[in-house]
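K.L.:
give me a model of this one.
(4 chains)
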Amino acid sequence: MEPDAGRSMFDTDELVINMGPQHPATHGVLRVVLKLDGEKVVDADVVLGDLHRGVEKLTENRDWTQIVLLTDRLDYVASAAANLAYVETVEKLMSIEVPRRARYVRTILAELQRLASHLVWLGSHAMDIGAITVFLYCLRERELILDLFEEYCGARLTYNSMRIGGLPQDVPSGWLPKVLRYCDVQEEKLVEYETLLTQNRIWLQRTRGIGAITGEAAIAVGLCGPSLRGSGVPRDVRKDEPYAAYDEIPFDIAIGSNGDTYDRYLVRLEEMRQSIGIIRRAVEGLPEGPVMAKVPRLIKPPAGETYHANESPKGEIGFFIASDGRSTSPYRLRVRPPSFCNLQALPQLVRGHLVADVIAIIGTIDIVLGEVDR
Amino acid sequence: MIDLIVLPLIKIVFVLTGVLITVMYLVLLERKVQAWVQARLGPMRVGPHGVLQPIADVVKLFVKEDVTPARAEKWVFTAAPIIVLVPALIAFAVIPFGPEVNLFGRPVPLYITDLNVGLLYIVSVAAIGVYGIILGGWASNSKYPLLGSLRSSAQLISYELAVTLTFVSVILAAGSLSMVEIVEAQRNNGIWFAFVQPVALFIYFVGALAETNRNPFDLPEAESELVAGFHTEYSGMRFALFFLAEYTNMIVVSAVATTLFFGGWLRPFPNVEWLSFLGLVPPWIWFTLKTFALLYLFLWIRATLPRYRYDQLMQLGWKWLIPLAIANIIVTAAVKVVLGS
Amino acid sequence: MTPITPVHYIVLSAALFTIGVIGVLVRRNVIVILMSIELILNAVNINLIAFSRQLGDPVGQVFAIFIICVAAAEAAVGLGIILAFYRNKETVNIDEMSLMRW
Amino acid sequence: MGEAIAFYTLAALILGFAVLVITARNTVHSVLFLVANFLFVAALYVLLGAQFLAVIQVIVYAGGIVVLYLFVVMLVNLKRPPEAHRDRRRKAGLGLAFSLVILAEVVAIAVFGLVQPAHLAAPKAPLPPEAADNVQQVGWALYTQYLVPFEVASMLLLVAMVGAIVLARREL
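P.N.:
Residues are numbered from 1 along each chain as shown, chains lettered A, B, ... in the order given. Predicted coordinates:
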């Protein structure tokens, strides 16, 4: 009487349920078709496209500056990261040298954005597992970041905060001390979140060993960003192919060991600490000077194509751009969205786990549907 | 005639109104406590500090459209919320809010009735409530409710065992099944059973959390997994009945815990002479205070803890709580035999 | 109106018993048949308890407890068999349960 | 008088629900009627002064056994009820007639008892067991005189539990 592996002891019908697109835990309009044996997931199928807006196609009819605004709408909880990746790609294509001050401010903005994104991730992840309070705490601190962004560029969600060749404006006076004050607050509050979660027995039971993936498997399936580092692979675009000011600012890469949900949680928390450190050092070392390079009024990159990647909060966000050298808009623009690539690992991660774990795993790979569907 | 019919009727009306109003304000209290914990304000718009919010909620739920899914079992679908609510309400029949008092020159006990099997009565009505949950999920003819209801009923039945076993050790300590006599036994012993039976109290409290589907055991309605569990398809007044039942059950388990472990209506330290000024506070106020202290604990836990997974919950129930409860009974019985001889 | 005597309870119990027997004989759904058996056991219990009061002796109630116990065991095993059978034959029709093995 | 009203009402409800149990088309409805039936039987026990047993009836029957039935009915998700197809070999009418004969016989005996109520109608020990002592009495009898049967019953339950688990397993 050998109970066959992967199936429960009792004979039950296989049940197919649609998790989403209208489901409170799928972070938007993700639809996962789960095949269940009892409560155990036999197979999962991710159905995408409910939020498809044709961003890549739209870019072909916008001029190069307008596209920054479209990149805001990719990962709408981390739009500055996408802004940065896009403008750097165009700069690479046009070989524009960005002023040092602009690179530092970009780093500060990108790291603030990383903190904001990770706060949203931590909050919703914890709420999915049932700890509602953490969500509100996280959003409370994210509010501070949004205030900083608002003061910098006037927007609170879709910042449009970068320009090809630099930044739209220098930081407002008195802004940098506020950033530092925020860093102090955030450092304290991180301890508060950890008090609620890190040593909590229920949290440990819900996350340890859930959705574990080895480093090789993670690379094979194309995981990137913190989800990959959780499996112990020290891959970070900020270190490997430095951009902005990351080559001048020291920081550590957080890596996990087991590659489970808990490790990914720890990795992201450590990243938040590192981000605070990066922001502090960037503010201290902020050089004087202009924030905008000399770029022509009408941006028209030479014919050619290029790919450039950044480390967004979700992982490696890359832009491939082909320019024909004649028109004022790209011939083809293609985004390598980290959420999309990470989502591909979902079926592999959830197989054999229970329905409740699916929620935890969707939370742990940190997706934003705006970026997945584009 | 007055004693047989009129008085009980008046008491029933009083208790039911009281319970329903308490439930309404318990919901507000929950939202407020959650808000305080979570650094926000909670309801503030309806009345000063939102005190009229429950009334607005009730009005909203009354006028909302009551949707029945197209292929639902209509009668069962309608009956399910009632089957859940009624047992929750009739459990109050045996809960003693206070001792006998003199009202208009007539001794009136502050409980509806004192059954000689009072404690078992509570267990039995709780057992009936399970049906509403199973049937509600089944009748909705939808997958999430069905999953939710199967989970929920399995959870309720499992934890009912643990809870009932803790009752046994309390019964051993008190020597009676009557709720009133259990309170009296605590007066006679001069100590709350919370100190005599701390293990039973712990198991009871965990079990009570699970039986009322509260965090961290709120799996049946775990919104992030099963949308809303067994009442996903319910709306309007029928949903309100489920909601009402959940909060009524919270009050019931807190009131039972107060009675069994915290001396019911007795003032703290009932046998310490120099604290007798505490006796100036009417007994039913003590009862209410203790019950609300426990309810506060429920709300606090909800704001703090993540949710268990289903299999972990079952493991906790069967592998830890039930054996612990049985061990507790054995120890209690052994101690009683040793002390008795 | 005549006072309620044990005879009344016996008649009630007999009627309930008969309904149970009819259920067992007429229905073909095994689950309903098992439920009819529960009705029969209940009829017996009513009898036992009526006599227990009549004779002022709790033994009738003790036996009723044993019967409830047996009913619980019967339900558990019976339903287990039904589940096992259903899994193999996809039916709960008693007429198709004529095989001793499958 | 009060007892008579209560008895006749309860009897009517018990029999009515019993009939519904065996006639309902939908098995889930059957189970529901069975619960109602058990609850009224419990009420009848209260009328008979057996409060403990009434509560046990509700806890064990309504709270345990019938929930088990409900689970099985839901697991055995029938597309087509067994009654849907007729089987000519079945002689349901014969069963019905047979049952009615049993009923007539038992009622005849009972009514005969009514006519000659000397030993039955007049209670030998007229006092119903005192309400407050019911639990104690039953417990005392159960744990002294009937201790061995009690233990046997618990063994029976254990065996049934193991048996049910084995039967419900995927592979026999």
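K.L.:
can we go C-alpha only for contacts and neighbour counts from here?
P.N.:
Noted.
K.L.:
now for residue D:27, how many residues are close by?
P.N.:
21 (other CA atoms under 10 Å in any protein chain shown).
K.L.:
for it, give its distance to residue D:74.
P.N.:
Distance from residue D:27 to residue D:74, counting by CA to CA, to the nearest Å: 9 Å.
K.L.:
ok, residue A:62 touching residue A:329?
P.N.:
Yes - counting by CA atoms under 8 Å, residue A:62 does reach residue A:329; the two are 5.7 Å apart.
K.L.:
ok, how many other residues are close to the closest residue to residue A:231 other than its chain neighbours?
P.N.:
Nearest residue to residue A:231, sequence neighbours excluded (CA to CA, 6 or more residues apart in numbering or on different chains): residue A:259, at 3.6 Å. The tally of other residues near residue A:259 (other CA under 10 Å) stands at 27.
K.L.:
swap in residue D:13?
P.N.:
By other CA under 10 Å, 16 other residues sit near residue D:13.
K.L.:
just residue B:319 next, same as before
P.N.:
Neighbour count for residue B:319, taken as other CA under 10 Å: 11.
K.L.:
which ones are touching it?
P.N.:
Residues counted as contacts of residue B:319 (CA atoms under 8 Å, 6 or more residues apart in numbering or on different chains): none.
K.L.:
can you spell out the domain ranges of chain D, please?
P.N.:
Following automatic domain parsing, chain D resolves into domains at D:1-82, D:91-126, D:127-172.
K.L.:
point out the most buried one among these.
P.N.:
domain D:1-82 (a mean of 20; mean count of other CA atoms under 10 Å in any protein chain shown).
K.L.:
now that one: mean pLDDT?
P.N.:
Across domain D:1-82, pLDDT averages out at 83.
K.L.:
do the same with stretch B:188-196
P.N.:
Stretch B:188-196 carries an average pLDDT of 81.
K.L.:
buried residues in that stretch?
P.N.:
Residues of stretch B:188-196 classed as buried: B:191, B:192, B:193, B:194, B:196 (neighbour count, 16 or more other CA atoms under 10 Å in any protein chain shown).
K.L.:
can you tell me which of those end up in helices?
P.N.:
Per DSSP state H, helices hold the following members of the buried residues of stretch B:188-196: B:193, B:194, B:196.
K.L.:
tell me the contacts of the first one?
P.N.:
What it means is residue B:193. If a contact means CA under 8 Å, 6+ apart, then residue B:193 has B:170, B:173, B:186, B:260, B:261, B:262, B:263 as its contacts.
K.L.:
and the gap between the third one and chain A?
P.N.:
Residue B:186 sits 35 Å away from chain A when distances are taken as CA to the nearest CA, to the nearest Å.
K.L.:
at the geometric centre of the chain, which residue do we find?
P.N.:
In the absence of a named chain, chain A is used. The centroid of chain A falls nearest to residue A:314 when counting by CA atoms, centre = their mean (2.2 Å).
K.L.:
not quite, go with chain D.
P.N.:
Note: chain D centre (CA atoms, centre = their mean) maps to residue D:38, 6.4 Å.
K.L.:
wait, that one touches residue D:63, no?
P.N.:
No - applying CA under 8 Å as the test, residue D:38 and residue D:63 come out as separate, 10.3 Å apart.
K.L.:
state the number of residues packed around residue 89.
P.N.:
Here I'm looking at chain A. For residue A:89, the neighbour count with other CA under 10 Å is 22.
K.L.:
oops, chain C please
P.N.:
13.
K.L.:
try residue B:47
P.N.:
For residue B:47, the neighbour count with other CA under 10 Å is 11.
K.L.:
mind listing residues that contact the helix or strand where residue D:97 lies?
P.N.:
For residue D:97, the host element (DSSP states H and E) is helix D:92-115. Residues outside helix D:92-115 that contact it (CA under 8 Å, 6+ apart) are C:7, C:10-11, C:14-15, C:18-19, C:21-22, C:25-26, D:120-121.
K.L.:
which strands or helices does the next helix or strand after that helix pack on?
P.N.:
Along the chain past helix D:92-115, the next helix or strand (assigned with DSSP H and E) turns out to be helix D:134-143. If contacts are counted by 3 or more CA pairs under 8 Å, 6 or more residues apart in numbering or on different chains; DSSP states H and E, helix D:134-143 sits against helix C:59-89, helix D:51-56.
K.L.:
what about the shortest one, near chain B?
P.N.:
This points to helix D:51-56. Yes - using CA under 8 Å from any CA of the partner chain, helix D:51-56 comes into contact with chain B via D:51, D:52, D:55, D:56.
K.L.:
quick check: the nearest residue to the first one once chain neighbours are set aside vs residue C:38, distance?
P.N.:
It refers to residue D:51. Nearest residue to residue D:51, sequence neighbours excluded (CA to CA, 6+ apart): residue D:45, at 6.5 Å. Applying CA to CA, the value for residue D:45 to residue C:38 is 16 Å.
K.L.:
where do the strands sit along the stretch 51-200 of chain B?
P.N.:
Listed in chain order, the strands of the stretch 51-200 of chain B (DSSP state E, counting those that start in this stretch) span B:100-103, B:106-109.
K.L.:
and the last one, average pLDDT?
P.N.:
Summarised as a single mean, pLDDT over strand B:106-109 is 75.
K.L.:
so in that sheet, which strands flank that strand, and in what orientation?
P.N.:
When pairs are called by DSSP bridges, strand B:106-109 turns out to pair with strand B:100-103 (antiparallel).
K.L.:
for the nearest residue to residue B:56 once chain neighbours are set aside, what are its contacts?
P.N.:
Excluding the flanking residues, the one nearest residue B:56 by CA to CA, 6+ apart is residue B:46, at 7.5 Å. Neighbouring residues of residue B:46 by CA under 8 Å, 6+ apart: B:52, B:53, B:56.
K.L.:
any idea which element residue B:46 lies in?
P.N.:
According to DSSP H and E, residue B:46 maps onto no helix or strand at all.
K.L.:
got it, and residue B:285?
P.N.:
Using DSSP H and E, the element containing residue B:285 is helix B:283-304.
K.L.:
returning to that earlier point: which of the helices and strands packed on helix D:134-143 sits most buried?
P.N.:
The most buried one of the helices and strands packed on helix D:134-143 (mean count of other CA under 10 Å) is helix D:51-56, showing a mean of 24.
K.L.:
contacting residues around it?
P.N.:
Defining contact as CA under 8 Å, 6+ apart, one finds that helix D:51-56 is touched by B:117, B:120-121, B:124, C:61, C:64-65, D:41-46, D:131, D:134-135.
K.L.:
what's the answer for stretch B:3-13, then?
P.N.:
Contacts for stretch B:3-13 (CA under 8 Å, 6+ apart): B:93, B:111, B:112.
K.L.:
with stretch B:156-166 instead?
P.N.:
Outside stretch B:156-166, the residues within contact range by CA under 8 Å, 6+ apart are B:123, B:127, B:130, B:200-201, B:203-204, B:207-208, B:210-211, B:314, B:317-318, B:321-322, B:325-326, B:328-329.
K.L.:
let's test this: mean pLDDT of that stretch, rounded?
P.N.:
86.
K.L.:
likewise stretch C:24-44?
P.N.:
Here the average pLDDT along stretch C:24-44 is 86.
K.L.:
which one of the contacts of helix D:51-56 is nearest chain A?
P.N.:
Distances from chain A to the contacts of helix D:51-56, taken as CA to the nearest CA, are shortest for residue B:124 (29.3 Å).
K.L.:
flag the shaky bits of chain A, pLDDT-wise.
P.N.:
Counting by pLDDT under 70, chain A shows low-confidence ranges at A:1-13, A:24-26, A:38.
K.L.:
can you list the residues of it near chain B?
P.N.:
The interface of chain A toward chain B, taken as CA under 8 Å from any CA, is made up of A:17, A:23-25, A:126-134, A:136-137, A:196, A:202-203, A:205-206, A:355-357, A:359.
K.L.:
which among those are in contact with chain D?
P.N.:
Among the residues of chain A next to chain B, no residue lies close to chain D (CA under 8 Å from any CA).
K.L.:
the residues you listed in helices, which ones?
P.N.:
Using DSSP H, the residues of chain A next to chain B in helices are A:126-128, A:132-134, A:136-137, A:196, A:202-203, A:205-206, A:355-357, A:359.
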